[in-house]
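Visitor: The following comprises the amino acid sequence and a computationally predicted model.
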Protein chains: 2
Amino acid sequence: MATDSNSTNSLKSKCSRTIYYGTFLQLPRAADIPATPTSPPKYRLIVNHGALWVSTADGRIEGFDWEVEDERGLHDLIERHGWTVDGEEGSEQSMRIVRSRDDRNGFFFPGFVDTHIHASQYPNSGIFGSSTLLDWLETYTFPMESSFGNKDNPNVAPPSAHTAYNRVVSRTLSHGTTCAAYFATIHVPATNLLADICHARGQRALIGRVCMDNPKTCPAYYRDESNAQSLAATQASIAHIRSIDPHARLLHPIITPRFAPSCTPALLSALGALAASTTPPTHIQTHISENKAEIDLVRSTFPDAASYADVYDKAGLLTARTVLAHAIHLTPAERDTIRARGASVAHCPVSNSALGSGLCPVRTLLDEGISVGLGTDVSGGYSSSVLEAARQACLVSRLRAFRDGNAAGEREKLSVEEALYLATRGGAKVLRMEGDIGGFEEGMLWDAQMIELGGVVGGEEGDGDGGNRGSVDVFGWENWEEKVAKWMWNGDDRNVKAVWVGGRLVHGKIPL
Amino acid sequence: MATDSNSTNSLKSKCSRTIYYGTFLQLPRAADIPATPTSPPKYRLIVNHGALWVSTADGRIEGFDWEVEDERGLHDLIERHGWTVDGEEGSEQSMRIVRSRDDRNGFFFPGFVDTHIHASQYPNSGIFGSSTLLDWLETYTFPMESSFGNKDNPNVAPPSAHTAYNRVVSRTLSHGTTCAAYFATIHVPATNLLADICHARGQRALIGRVCMDNPKTCPAYYRDESNAQSLAATQASIAHIRSIDPHARLLHPIITPRFAPSCTPALLSALGALAASTTPPTHIQTHISENKAEIDLVRSTFPDAASYADVYDKAGLLTARTVLAHAIHLTPAERDTIRARGASVAHCPVSNSALGSGLCPVRTLLDEGISVGLGTDVSGGYSSSVLEAARQACLVSRLRAFRDGNAAGEREKLSVEEALYLATRGGAKVLRMEGDIGGFEEGMLWDAQMIELGGVVGGEEGDGDGGNRGSVDVFGWENWEEKVAKWMWNGDDRNVKAVWVGGRLVHGKIPL
C-alpha cells in the first residue's frame, strides 16, 4: 500500500505531459455495441498498442497514436511533436514516459468506478454472521456508524474515523477504484473528513452525509434529531465539499437519504427539493428493493405509496443523477418509473449474495434501458474490490441463467467483457460522467490503472516481481481476451501496479 | 511462492520434535456438535493458546498444553520435559520452537483439504467464456487435457506437464491445501509425474488417472483405446504410486472414471471390481449430477439404469471410499443410495456458480447423513483456493436460503465456522482420513498452516510485512470469531505464512 505519489508528482509537475506507452485495453461505449432484439449486446475488448499522452495541466488525454509499434516508433512520435524527455522545467514541450511491461503481461486499463460503497462500514468488512439486511443493520452497522460521532467533541471527527476513512481510501485506490460514490454517516465532521481525505489522496469521489430521521425505524442512539436538522446538516456538508473543491475537479456532494424507511416523508421531500435547487441538480443516492422484509417495511411505513419507487418519485428523488443501490425485486411498473426519470442502478452482487438478498435481474434492467454500474456495497459486501464485484456479477448472472432454464437463461449471462464494461464505462454513466471517465477517448480524464499479470510461468520473469505476483498465472499461449478473463476471475490488488486520477499518480509506483 | 523447505528441513531433522507455541484455532469434530431436529448443528470455533509438540519421526502430534500462557510457561514446559532447544543433533530430547505472532494476529489452523481438483486443467483457470458444462468440456477442457500426452515420446510426459503440475502444486500449497484429491489425465506418464511432484514437494494427495473409453461421448483425440487398455493403464499408474510411497505416507491412488457418460458399462464394472480387489478398497472419484443436460445425457447413454447414481451403484463404484463431485440435482432415492453405500460428496460451489450448474443443497445432504467436503474443481472453478471455496459455499447457501424463503431458508445457511469445518475436518472425513488430519488432536498428523492477518491497522505492525499484507484489515476490537470471519471473507495466500504436511515444512518460511 506504499505510495510515492508526493515525490513522483513533484517530478511529474515539471513536465507538460506524460506519454503512456504499451498496451491499452478498454471496453467500447454502449452506443457502439450492436444490439439485436434477440440477443444481448456483445461487448468486445478493445486492444490497442501504442502511445497515449496526457496533459499535466488538466489531466486529460491530449491524443493517442496506435500506429506506434516499438521504441523506434515512439522515438519518432516524440521527435515529430518536438517533445523533450524530462526537458526544461515547465517548458511547453517537456514530457516524461511511462511504459507498461510486455514481459510481465502489463497493460493500461480504465480506472474502476464503485457506484455504491459505505466508507464508514469498512472496518466491519467480512463480519455479518448469518444475518439478513434488517438484523444486520441493527447488530453490526448502526453501532459501527454511530462510532463516527464524537461524544467528547461533536465538532471534530474521532480518531477512529481518521483510521477507517484513510484505510478505505487506501484500499479502494489499491484495487484500482479511481471514482467512488461513498455513503459516510450522519455526522458532519466525519463526513467532511472523508471529503478531505479523498481530496488529499486524489480519489474522485461523491461524498454523501447519511440522512435518517425516522424515530420509528432508526435507533435512538443513531439518527438525525429532526428533518430540519437533517437538512441543515446535509447543507453544511455540501458547503464544505464545495469549499474545498470549488470547481468539482475531484469531489461532488451527493444527497443521501439512507433508504425510504429510515426517513420521514417530510425529510424525503426536503431532500428532493434541495437536489433540484442547484444547477446542475445535485446527485442523489439511496437504496431500493434489496430485500423482501425491507419492501414489506416500506409498504407499512408508507401505506399511501403505490410502491417503493413511488415513495422516492413522489419526493422528487428520482432524477437523472440518482443512483439506486440493489434494485433486485422491482416490479415492472417501478422499473418503468425509474427509466422514465433517467435514474440508474448500482448493482451490488457481492452484498446481495452475502446477505442472501437475491439475484438482481441485471439483463432485464439493461434491456429496458436503465443504466447499471457496479457497487461493492462495503460492508454488506465483504470486499472493497470492484474486480470482485465484476466477478460476482458474472456468477449471479449465471445462477439466474440456470434458474431461468437454457433458452431464457442464456440471455441473462454477463460476459467477462460486459462485467468489465459495467465496472468502468457503466459506472461512469450511472454517475453521469461518461464523457470524462471510463475509457481512453481524446479529451477524457486520465483515470487509469496499470495492471501486470506477471511473467509467463516458467519463464524468466515467471516467479519474479518480489514475491508479489498475485494469483493470475499466464502460460504464454493466451490471447488478450483470455488474459483479461484470467485477470477478472483471479486478479487482485497485487496486479494493480499504479493508479492515476486526473493524471495524478495516486497509488503505486510509476515504473521508470 | 518462495520456499526454503530444503534448508529448514535439514535444520529440523536434527531435532526430535518441534514445539509450536501461540494461538491454535480449529473446528470441533462433527460428533461433538449437538444437533437438534429443528436446527442445524452450530459449529463453534475452538480457540486455544498454548503449546503443541510434533514428533519429527512420524510427523504426528505428541501432545499439547493449553495452560501455557506465556514465554515463562513455555520455558517451564520445556524444562519439565527435559527438552533442549536445538540441542545435540539427533538426541531424543532435542527440539526447536515455532511461534505464531500475536502482533500480526497470527494463528495455527488445520491444513485445507481439497476433495476435487483437476490438476491438468489448472492452466485454463479463469477461461470458460459463458459456456456450461458440456460445451466447456469440448471447447476448453479436452484440448487442454490431451496436451498432457506426448506425441513424440508417449512414454514420457511433455515439458508442459512439468510446468503445469509443478505450478498447481505450488499454488495449492500456497493456499494452505495440505491434501488434495487430484484428477490428472488419461496419460500414465503425466499422471505418474503428478504423483512424483506431490511426493517430492510433500503434499498429501490422491492421484487419479482419468478413465474415459466411450467413443460416443469422448473425442477421438482424447480417449482410452478400449476398456481393457483403460483398466491396464489405471493399474500401471496405481503401481507407480504404490512404488514411490509404499507405506502411503503421502500418496494414495484413486480410481477415476471421468463421469458415467464418458465410460462404457464394461469399463465402469471393471473399475468397480478393481477398487474392491484391494484391502482396504482403493479410493474412487467421479462426478455426479452437476448439470441438467449432463443428467439427460446419462439417461440416454444408460437407458436401463434407474438413475445417475444407479449407474455407479450397479458397477460397484459407490463405496465408503467414493468421492462424488457436485451432486447438485440428486433425487431423494439417489441420496438414499449414496448414504447407504457410505459414499461422500465434494461440494464445488465456485465451479457450480461459474458454470451456472446450480445451487447444491448442502444442508439436505448433511441432514441426511452424507459426508460433504469442499472442492475447488479447477478449472470449472476458477480458483485453486479452498478458502475461496469456503467463501462461495457460504454464498451459495445464502442464495438457497433466499430462494427457499425465510423459514425453510434459515436452515440452509452455512456459517463461517461450518464452511471452515467442511474445508478441514469435513474434507478429511470425505477421504476417510478424519483420524489423521483436519484437527489438532493428539496422534494426528501435523498438516497445518500458519496464518497471519497482519498487525492492527494504524498500529506499529499495521502496514508492515513487506507490502505483502493481504486484504484483511484488523482494527483491534475484533474477537477471534470476528477475525476468522474477516479471514474467510477476505483472506488469500498472502495470509498463509507457512504450511506443514506430516510435520514437514512444504511452503513458506518458519519464523525463527
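Guide: Arrived safely, thanks for sending.

Visitor: which stretches of chain A have low pLDDT?
Guide: Chain A contains residues with pLDDT under 70 at A:1-14, A:31-32, A:34-38, A:86-90, A:130, A:405-407, A:460-467, A:511-512.

Visitor: Hmm, A:Thr139 is touching A:Thr132, no?
Guide: No. Applying Cβ atoms under 8 Å as the test, A:Thr139 and A:Thr132 come out as separate, 10.8 Å apart. For the C-beta atoms, the positions are set from N, CA and C on the backbone; glycine is no exception.

Visitor: Among those two, which residue is more densely surrounded?
Guide: Neighbours per residue (other Cβ atoms under 10 Å in any protein chain shown) separate A:Thr139 from A:Thr132, with A:Thr132 holding more: 23 against 14.

Visitor: Now do the SS call for A:Ala180.
Guide: Using DSSP: H, G, I helix; E, B strand; the rest coil, the structure places A:Ala180 in strand.

Visitor: and A:Phe64, how far is that from chain B?
Guide: 29 Å (Cβ to the nearest Cβ, to the nearest Å).

Visitor: A:Glu145 now?
Guide: Per Cβ to the nearest Cβ, A:Glu145 is found 14 Å from chain B.

Visitor: Show me what counts as buried in whichever strand or helix holds A:Glu62.
Guide: Assessed by DSSP states H and E, A:Glu62 sits inside strand A:61-65. Neighbour counts over strand A:61-65 (16 or more other Cβ atoms under 10 Å in any protein chain shown) mark A:61-62, A:64-65 as buried.

Visitor: Mind jotting down where the strands sit in the stretch 101-250 of chain A?
Guide: Assigned by DSSP state E, counting those that start in this stretch, the stretch 101-250 of chain A shows strands spanning A:106-110, A:112-118, A:177-183, A:204-208, A:210-211.

Visitor: Next, format the ones you listed as TSV and append mean neighbour count and distance to chain B.
Guide: Compiled in TSV, the strands of the stretch 101-250 of chain A are given as follows (neighbours: other Cβ atoms under 10 Å in any protein chain shown; distance: least, Cβ to the nearest Cβ, whole Å):
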stretch	mean neighbour count	distance to chain B
strand A:106-110	24	16
strand A:112-118	30	15
strand A:177-183	29	14
strand A:204-208	29	20
strand A:210-211	27	21
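
Visitor: Please name whichever of the ones you listed is nearest to A:Val362.
Guide: Of all these, it is strand A:112-118 that lies closest to A:Val362, at 13.0 Å by Cβ to Cβ.

Visitor: what comes into contact with stretch A:391-398?
Guide: Stretch A:391-398 is contacted from outside by A:347, A:349-350, A:352-353, A:359-360, A:362-363, A:374, A:412-416, A:419, A:422, A:488-489, B:130, B:353-356, using Cβ atoms under 8 Å, 6 or more residues apart in numbering or on different chains.

Visitor: separation between the closest residue in space to A:Met444 that isn't next to it in sequence and chain B?
Guide: With sequence-adjacent residues excluded and distances taken as Cβ to Cβ, 6 or more residues apart in numbering or on different chains, A:Met444 is closest to A:Ile61, at 5.3 Å. Remark: distance between A:Ile61 and chain B (Cβ to the nearest Cβ) = 30 Å.

Visitor: Kindly report the same for A:Ala293.
Guide: 8 Å.

Visitor: what helix or strand does that residue sit in?
Guide: Assigned by DSSP H and E, A:Ala293 belongs to helix A:292-301.

Visitor: ok, A:Trp489 - contacts?
Guide: So A:Trp489 contacts A:391, A:416, B:125-126, B:354, B:382-383 (Cβ under 8 Å, 6+ apart).

Visitor: and those as a markdown table, adding distance to A:Ala200, neighbour count and secondary structure?
Guide: As requested, the contacts of A:Trp489 are exported to a markdown table (distance: Cβ to Cβ, whole Å; neighbours: other Cβ atoms under 10 Å in any protein chain shown; DSSP: H, G, I helix; E, B strand; the rest coil):
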| residue | distance to A:Ala200 | neighbour count | secondary structure |
| --- | --- | --- | --- |
| A:Arg391 | 31 | 26 | helix |
| A:Val416 | 35 | 25 | helix |
| B:Ser125 | 39 | 26 | coil |
| B:Gly126 | 36 | 26 | coil |
| B:Ala354 | 40 | 26 | helix |
| B:Tyr382 | 37 | 28 | coil |
| B:Ser383 | 36 | 26 | coil |
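
Visitor: farthest pair in the residues you listed?
Guide: A:Val416 and B:Ser383, at 15.1 Å, using Cβ to Cβ across the contacts of A:Trp489.

Visitor: pretty sure the residue nearest to A:Met444 is touching A:Trp53, no?
Guide: Yes. A:Ile61 is in contact with A:Trp53 according to Cβ under 8 Å; the separation is 7.4 Å.

Visitor: between the two, what contacts are shared?
Guide: Residues touching both A:Ile61 and A:Trp53 by Cβ under 8 Å, 6+ apart: none at all.

Visitor: what packs against the strand or helix carrying A:Leu420?
Guide: Using DSSP H and E, A:Leu420 sits in helix A:416-421. Applying 3 or more Cβ pairs under 8 Å, 6 or more residues apart in numbering or on different chains; DSSP states H and E, we find helix A:416-421 packed against helix A:386-404, helix A:480-490.

Visitor: Could you point out the helix or strand that follows that helix?
Guide: With DSSP H and E setting the assignment, the helix or strand that follows helix A:416-421 is helix A:427-430.

Visitor: which outside residues touch that following helix?
Guide: Residues outside helix A:427-430 that contact it (Cβ under 8 Å, 6+ apart) are A:30, A:112-115, A:179, A:323, A:344-346, A:371-374, A:386, A:434, A:436-439.

Visitor: Equivalent analysis for stretch A:299-307, please.
Guide: With Cβ under 8 Å, 6+ apart, stretch A:299-307 has contacts from A:214, A:216-217, A:260-261, A:265, A:298, A:311, A:314, A:331, A:333-334, A:337.

Visitor: list the buried ones in it?
Guide: By neighbour count on 16+ other Cβ under 10 Å, the buried set for stretch A:299-307 is A:301-302, A:305, A:307.

Visitor: Check the offset of that stretch from the chain's centre.
Guide: In this view, stretch A:299-307 has its centroid 31 Å away from the chain centroid, taken as Cα atoms, centre = their mean, to the nearest Å.

Visitor: Start and end of that stretch, how far apart?
Guide: The separation between the terminal residues of stretch A:299-307, taken as Cα to Cα, to the nearest Å, is 7 Å.

Visitor: Stretch A:322-339 now?
Guide: Note: stretch A:322-339 ends 11 Å apart using Cα to Cα.

Visitor: Thanks again, I'm all set now.
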